[in-house]
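K.L.:
Prediction below, plus the sequence it came from.
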Amino acid sequence: MQALPFQIKITIICVTKGRRKYQFRYRTDRFFDGLATDIDGPSYGFSLVNSQDHWAFDPEASLPQWLVERESEVVSLFSLTLPNASVTGYNN
């Protein structure tokens, strides 16, 4: 992804067939904030960091076990969604 010449907020929302929703918010080319929401439970914030063209959770984050166990699923979902993301709306 190339650097953007202006300020823009990019948020990608993915809902799995299961009970979870993931949101990814662009911060830099190598850093996205994330939010994982379990349908019946609380939301958990996390960060995805790109190191050597590999996305992973921020290693310093304290995350619930169910989310840690699904890191590869979350990264895969994010990696598949990012190149195909499209603008669905904007705010001035």
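P.N.:
Done, it's in.
K.L.:
make it CA atoms for all contacts and neighbour counts henceforth
P.N.:
Noted.
K.L.:
which of the residues in stretch 41-57 are buried?
P.N.:
The neighbour-count check on stretch 41-57 (16 or more other C-alpha atoms under 10 Å) flags 46, 47, 48, 49, 50, 55, 56, 57 as buried.
K.L.:
Among those, which ones are in strands?
P.N.:
Of those, the ones assigned to strands by DSSP state E are 46, 47, 48, 49, 50, 55, 56, 57.
K.L.:
Apart from its neighbours in sequence, what residue is nearest residue 26?
P.N.:
In this structure, residue 26 finds its nearest non-sequential neighbour in residue 32, 4.8 Å apart by C-alpha to C-alpha, 6 or more residues apart in numbering.
K.L.:
number of nearby residues for that neighbour?
P.N.:
Using other C-alpha atoms under 10 Å, residue 32 is surrounded by 22 other residues.
K.L.:
which secondary structure elements does the lengthiest helix in the chain contact?
P.N.:
Longest helix in the chain by number of residues, with DSSP state H as the criterion: helix 71-81. For helix 71-81, the elements it packs on are strand 54-57, judged by 3 or more C-alpha pairs under 8 Å, 6 or more residues apart in numbering; DSSP states H and E.
K.L.:
What is the distance between the next helix-or-strand element following the strand it packs on and the centre of its chain?
P.N.:
Downstream of strand 54-57, the next assigned helix or strand under DSSP states H and E is helix 65-68. Centroid separation between helix 65-68 and its chain, computed with C-alpha atoms, centre = their mean, to the nearest Å, is 15 Å.
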